[in-house]
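**Q** Predicted structure and sequence below. I'll ask about it afterward.
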Amino acid sequence: MKRFIVLTMMILLAALCVVTCLAADGTFYSVTLDSISDEYKTGGEFYVKVSLCDITAPNGFTGVGIEIEYDPAYLTVLEADDGGVVEAAIPEAWKDGGRTEIVVTSEDGKQTGRIVLTYASPETESGSKDAALKTDDLYVIVKFRSLRSGKTAVKVNGSNSGNFCTGYEENGEKVSFTGKGSEMEFTFSENASAEESGAEVAEEKSYAPYYIIAAAAVAVAAAVLIISKFAKKK
């Protein structure tokens, strides 16, 4: 009986650990979008600020990669030769590091709806750790033009979707960190002052509650199975 109780408690404790891990945020940065324009008229220009923030990686980042997605049927990127970036704030220590700003186009030169931005600290004998980014001081401003009336979005997906941040562990090992993306919805109309025109941050979708419920269900099922087997032995 004692062995049975101990085994059941171990399973429930393990399940509790899983649920706790799933409930935790588990991310080390966020990429946020903000509109810094006042009018959203069809055919008009506007600006989107893309910021890297909420950095919690213990040793900071030595490399950043961000992919911005948009619908080329509704939007076009201006200053495309510069990746659409009209202003950028990157760490002073990264000025001599890697920097790429590209508006992705098809073979016939048409925009495909993706902007790829990468920034990195310069590689040094110490592995660029001395120039790690630890504060929220990296952002870019991208210039767009609306092509038609209606509703569309500009978004940055979370990590594992072309977006990544790299850094170093305490033991010197280079690692990648997970992060959050964001989405901003825009509504354009012929009349810039129309009530329906504007920009707003889309609601973030979270699937954590479903994972927590699933983990709890597995724990209960395991406990029931053990109890039933123990009952049969009795």
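**A** Yep, it's here.

**Q** which stretches of the chain form strands?
**A** Taking DSSP state E to define them, one finds strands in the chain at 30-35, 45-53, 63-70, 75-77, 85-89, 99-105, 111-120, 138-146, 150-156, 164-168, 174-177, 182-188, 198-201.

**Q** Least confident of those strands, on average?
**A** Among the strands of the chain, strand 198-201 carries the lowest mean pLDDT, a mean of 74.

**Q** What residues sit buried inside that strand?
**A** Along strand 198-201, these residues count as buried under the neighbour rule (16 or more other Cβ atoms under 10 Å): G198, A199. No exception for glycine: its C-beta is placed from N, CA and C like everyone else's.

**Q** Could you tell me which strands it is paired with, and in which direction each runs?
**A** strand 182-188 (antiparallel) (DSSP bridges).

**Q** For the closest residue to D136 other than its chain neighbours, give its distance to V156.
**A** Nearest residue to D136, sequence neighbours excluded (Cβ to Cβ, 6 or more residues apart in numbering): C53, at 4.1 Å. C53 sits 12 Å away from V156, going by Cβ to Cβ, to the nearest Å.

**Q** again with A132
**A** From A132 over to V156 (counting by Cβ to Cβ), the distance is 22 Å.

**Q** Which one's more surrounded, those two?
**A** With neighbours defined as other Cβ atoms under 10 Å, A132 and V156 compare such that V156 has more, 26 against 21.

**Q** who touches that one in this structure?
**A** For V156, the contact set (Cβ atoms under 8 Å, 6 or more residues apart in numbering) comprises V31, L33, V50, I66, E67, I68, E69, N163, G181, S182, E183.

**Q** Using JSON lines, lay out the residues you listed together with distance to E200 and neighbour count.
**A** As requested, those are exported to JSON lines (distance: Cβ to Cβ, whole Å; neighbours: other Cβ atoms under 10 Å):
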{"residue": "V31", "distance to E200": "17", "neighbour count": "26"}
{"residue": "L33", "distance to E200": "11", "neighbour count": "22"}
{"residue": "V50", "distance to E200": "16", "neighbour count": "23"}
{"residue": "I66", "distance to E200": "21", "neighbour count": "23"}
{"residue": "E67", "distance to E200": "22", "neighbour count": "19"}
{"residue": "I68", "distance to E200": "17", "neighbour count": "26"}
{"residue": "E69", "distance to E200": "17", "neighbour count": "17"}
{"residue": "N163", "distance to E200": "22", "neighbour count": "23"}
{"residue": "G181", "distance to E200": "16", "neighbour count": "21"}
{"residue": "S182", "distance to E200": "12", "neighbour count": "19"}
{"residue": "E183", "distance to E200": "10", "neighbour count": "17"}
